[in-house]
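> Sequence and predicted structure below; questions after.
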Amino acid sequence: MRDQLNHLRAFLLAGLDAATGGGRRYHIWMGSLTLVMVVGAYAYFLQLRDGLSVTGMTDHVSWGLYISNFTFLVGLAAAAVMLVLPAYVLKDVDFNKAVLIGEGVAVGALLMCLCFVVVDLGSPFHSWHLTPGIGFLNFPRSLLAWDVVVLNGYLALNFGIPFYILFTHFKGKTPNKKRYVPFVYLSVFWAVSIHMVTAFLLAGLPARPFWNTSLMGPRFLASAFAAGPAFIILTLSMIRANTEYEIDDSAIQKLAMITTVAAQINLVMIGSEVFKEFYFPTHHGINAQYLFFGLEGHTALVGWIRTSIFLNAAATLTLMIHPFRKNPKILIGTCIVLFVAIWMDKGLGLVIPGFVPSPLGEIVEYRPTWVEFAVTAGIWAFGLFVFTVLVRAALPIEMGHSRSPYIEQAEPVPGVTAVVSGHD
Amino acid sequence: MMDDFGFPFPLPEEGSVGVHGDGAKRDMTFEDVLRWQAMAAIAERSLDEAGRAEGEAVDVPSDVRCRGDGPDPAPALSEGPGEEIGDGTPRPPGAELLDKPMGRRKAIGTLLGTLAAGTQAACSNALPTSADDRERLLLEFQERLKGNFRVMTDEEKEATIARLERLARLKRNVHLNLSGADAEQGVLFGYAFNISKCKGYRECVAGCLEENNQDRRSGIQYIRIFEMESGEINLEHSTAEYQHEVPREGHVYMGTQCFQCANPPCVEVCPVAATWPEPDGIVVIDYDWCIGCRYCIAACPYWARRFNWSEPVVPPEDLNPNQHYLGNRLRRKGCVEKCTFCIQRTRVGRLPACAEACPTGARVFGNLLDPDSEIRWILANKQVFRLKADLGTEPRFWYYMD
Ligand code: SF4
Ligand code: SF4
């Protein structure tokens, strides 16, 4: 027990060390993130003081940028871990590093999700009402209650698994697969669930025909499976360029493959939705009409969604061409484009049209204010900050550089190869 | 039919209590400590005052007291401190806290609530200066720890009502007549709207505003009157923002508000069950339990719910002091509200303000369970329809034409 505590202390200290030490570029990166967070915190303070009236939201468009980012990030969090499936089930050895990074992405994205939900609340100080036992969580009736449950559970899983693996490596041991692999499987299913539940949160509202479609869940999954790996490709490339941590080309190529297939499926689904809405336009398609063509001169989202679809299609096409996908530079550029396109589509492009026009046919448009932008940027900076710290702390352990000083000798310290074989 | 009112709240179990739902048999609670502190605060103030005007009794007007004949739940709020201290109680109530363990859930609840309240106090309030301020802060603090009205015991209901009345007195110097009256048996409210009679005057909108203490700055309106060309009832081709003399040639008018659905999607989605249908059919919101997630706004197919985007302002001269806890009482920033069929009026046998204000007789309100009521006659003898009936929300609001 005592040993464990010593190890733990050393583990945390080593993590802190890794996170705070670093080169100039690293410090500039973290400094900028902190700056953005501070600005975001100030904006949030204004929002707390004056109420949500400082945002662009209204009774007509009652969710805005915050919930848009929330829905998108749930997808990111889910997709990051769904990579676990090929890694553990298909025994794809070269995927293991990607998986640990994926879990880091999931933790960062989940924290962002929770932040976005909280900043969207009108009465954040009353949020203890959600705690079962002392408050009341309307479970299982409210989908939002489901979301609270699955998001927190998912966060715990994605914190716990990497912690166990890293901590065991840190102690110079090999993780016991019997102990953590069941949780890995659980987290894969859980990833699907956070995604589906969030989709159902919107799809379960007959009042909003734009969301009330059975394609909502599957489309969520497809777009997440495209955006998630795209983001991981970006981070892996970044890590590869900035550290000695070796990442195989084959891992990145496999991720690119997943991204491509998912992006294609996503496009097919967009196509089928567009067909349904516009082949024989009905009353229920009026929100889609607003989104793609504008209504009675209100066209705030038209440029936005068309840009998104264009970028999406262009990126998907590029990925489909093998020489382009194999070229690291083009791959990175395409991943950025795809990520942004999906963020535009699954964020504002999904949430806002549900509100315009209102169920009574009134058209009020939405335009975010600077406060919303600042808070949003602050939360993103916070997520990236956490993610960076996690990766920073994890890499030395995975590379075998960082080991607990309390290790009793004799046992060989596993290097990178040992780490990999520990996973498969 | 009764199934509509099924509710997922667990009944409060004995012995394990949250910040809500404690029964009468409860042990010493944190609230009692606070009450003791409140008494101390009042005692202190009375000493101050006594110093200034000797012999003058501490005067808390009797109208601030909790109404009803039940035991006064918060003696500190309405009684002078003299007899409290002099009644021979050997130990202050708070002392028991030392011997009796606080339930774990209770303790956690208290802790969380304290944290929340403290953080917010730090954000918004300076240190209290006078005894009134201190009392106000204390009451506000207690208000933060209270539970959902739906599961409060009668004593808890009375206590919070007393606190709110006292707070209104302290903060705005108004006497509230705040009720927590339950639904009457054998009553189920319904509304009928005569499209051929409505002339679009919007007297109902004005009447509603006068009655329900909505924020005057944002001008929250529960009722929308849509003007559309006669011929087709189609909300998509209508406007509620008309600014011309009415009635306009060739147009008809149709009002919407919360329809108090029998199968309300807004209730289903609320993550904290802050909104529920009462036995008399009114869908209510506990404004203080609502966390402001606005999921219910998205879920309502009739766009009936409104949000307090900033701190609501009602000038004292506009304030309607006759209030109901679930009706027109003052709201706070960050909670949702909506039409409640004027619960504060209809539960004491009056008409909703809109029905009373309507000069054309287009609005008929009544008890659906009373076979002799006018609304029953209309439902039996007119061709009625409900808005978006295909959604299965079962509104208790019917339209008809002569
Ligand atoms: S009209 Fe809307 S707010 Fe009123 S009960 Fe029905 S769904 Fe709820
Ligand atoms: S805004 Fe309030 S009443 Fe509406 S769903 Fe959220 S907590 Fe419930």
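That came through fine. Residues are numbered from 1 along each chain as shown, chains lettered A, B, ... in the order given. Ligands and ions are numbered 1, 2, ... in the order given.
> And the strand or helix carrying residue B:376, what does it pack against?
If you go by DSSP states H and E, residue B:376 is part of helix B:374-381. Counting contacts by 3 or more C-beta pairs under 8 Å, 6 or more residues apart in numbering or on different chains; DSSP states H and E, helix B:374-381 is packed against strand B:189-194, strand B:363-367, strand B:397-400. Any C-beta I mention is one placed from the backbone N, CA and C, and that applies to glycine too.
> Which neighbours in the sheet does the helix or strand following that helix have, and how are they oriented?
Note on helix B:374-381: by DSSP H and E, the next helix or strand toward the C-terminus is strand B:384-385. Strand pairing for strand B:384-385, determined by DSSP bridges: strand B:397-400 (antiparallel).
> Quick one: mean pLDDT for the strand it pairs with?
Averaged across strand B:397-400, the pLDDT comes to 97.
> How about stretch A:379-389?
Averaging pLDDT along stretch A:379-389 yields 95.
> Residue B:372: how many residues sit nearby?
Using other C-beta atoms under 10 Å in any protein chain shown, residue B:372 has 8 neighbouring residues.
> circling back: adding mean neighbour count as columns, could you present the helices and strands packed on helix B:374-381 in TSV?
Below are those laid out as TSV (neighbours: other C-beta atoms under 10 Å in any protein chain shown):
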stretch	mean neighbour count
strand B:189-194	24
strand B:363-367	22
strand B:397-400	21
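> Next, format these as a markdown table and append distance to ligand 1.
As requested, the helices and strands packed on helix B:374-381 are exported to a markdown table (distance: least, C-beta to the nearest ligand atom, whole Å):
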| stretch | distance to ligand 1 |
| --- | --- |
| strand B:189-194 | 11 |
| strand B:363-367 | 16 |
| strand B:397-400 | 8 |
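> and of those, who's closest to residue B:202?
strand B:363-367 (12.3 Å; C-beta to C-beta).
> Mind giving me the packing neighbours of the closest one?
So strand B:363-367, by 3+ C-beta pairs under 8 Å, 6+ apart, packs with strand B:189-194, helix B:353-357, helix B:374-381.
> Would you mind putting those into CSV with mean pLDDT alongside?
As requested, these are exported to CSV (pLDDT from 0 to 100):
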stretch, mean pLDDT
strand B:189-194, 97
helix B:353-357, 96
helix B:374-381, 96
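> Quick one, which of those gets closest to ligand 2.
When those are compared by C-beta to the nearest ligand atom, strand B:189-194 sits nearest ligand 2, at 20.4 Å.
> the inter-axis angle of the closest one versus strand B:363-367?
Comparing the axes of strand B:189-194 and strand B:363-367 via axes from the mean of the first three to the mean of the last three C-alpha atoms, to 10 degrees yields an angle of 160 degrees.
> what's the span of stretch B:233-243, first residue to last?
Taking C-alpha to C-alpha, to the nearest Å as the measure, stretch B:233-243 stretches 20 Å from start to finish.
> Going by neighbour count, which residues in stretch A:22-37 are buried?
Buried residues in stretch A:22-37, counted by 16 or more other C-beta atoms under 10 Å in any protein chain shown: A:29-30, A:33, A:36-37.
> Can you tell me which residues in the stretch 301-402 of chain B are near chain A?
B:301-303, B:305-311, B:332-336, B:388, B:391-392 (C-beta under 8 Å from any C-beta of the partner chain).
> could I get the helices and strands packed on helix B:374-381 as TSV with distance to residue A:78?
TSV is the format used below for the helices and strands packed on helix B:374-381 (distance: least, C-beta to C-beta, whole Å):
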stretch	distance to residue A:78
strand B:189-194	45
strand B:363-367	49
strand B:397-400	41
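> in the chain, which segments are predicted with low confidence?
No chain in the question, so chain A it is. A:87-96, A:409-424 (pLDDT under 70).
> right idea, wrong chain: chain B
B:1-129.
> tell me the domain ranges of it?
Chain B is divided into the following domains under automatic domain parsing: B:30-175, B:189-400.
> hey, which of those is tucked in deepest?
For the domains of chain B, the largest average neighbour count (mean count of other C-beta atoms under 10 Å in any protein chain shown) is found in domain B:189-400, namely a mean of 20.
> From one end of that one to the other, what's the distance?
End-to-end span of domain B:189-400 (C-alpha to C-alpha): 17 Å.
> One more: stretch B:173-190?
36 Å.
> Quick check: buried residues in that stretch?
By neighbour count on 16+ other C-beta under 10 Å, the buried set for stretch B:173-190 is B:176, B:178-180, B:183, B:187-190.
> Considering those, which is situated nearest to residue B:282?
residue B:189 (6.3 Å).
> Mind listing the residues bridging to that closest one?
The partner residues for residue B:189, given DSSP bridges, come to residue B:367.
> Count the neighbours of residue A:153 for me.
Residue A:153 has 15 nearby residues by other C-beta under 10 Å.
> The residue of chain A found nearest chain B: what's it in contact with?
With C-beta to the nearest C-beta as the measure, residue A:122 is the residue of chain A nearest to chain B, at 2.1 Å. Counting by C-beta atoms under 8 Å, 6 or more residues apart in numbering or on different chains, residue A:122 touches A:51-52, B:290-294, B:307-309, B:333-336.
> and with 6 Å instead?
By C-beta atoms under 6 Å, 6 or more residues apart in numbering or on different chains, residue A:122 lies in contact with A:52, B:292, B:334.
> do you know how far the nearest residue to the second one once chain neighbours are set aside is from ligand 1?
The shortest distance from residue B:292 to any residue that is not its chain neighbour, by C-beta to C-beta, 6 or more residues apart in numbering or on different chains, is 2.1 Å, and that residue is residue A:122. To ligand 1, residue A:122 is 16 Å away according to C-beta to the nearest ligand atom, to the nearest Å.
> In which helix or strand does residue A:122 reside?
Here residue A:122, judged by DSSP H and E, is contained in no helix and no strand.
> Near chain B, which residues of chain A are found?
Chain A has residues A:50-53, A:59, A:62, A:121-123, A:125-130, A:133-134, A:136, A:138, A:141-142, A:144-145, A:205-207, A:358-361 near chain B, with proximity defined as C-beta under 6 Å from any C-beta of the partner chain.
> Now, of those residues, which are buried?
Buried among the residues of chain A next to chain B by 16+ other C-beta under 10 Å: A:51-53, A:59, A:62, A:121-123, A:125-130, A:134, A:136, A:138, A:141-142, A:144-145, A:205-207, A:358-361.
> So which of these belong to helices?
If you go by DSSP state H, these have A:144-145 in helices.
> Near ligand 2, list only the ones from the buried ones among the residues of chain A next to chain B.
Checked against ligand 2 using C-beta under 6 Å from any ligand atom, these yield no neighbours at all.
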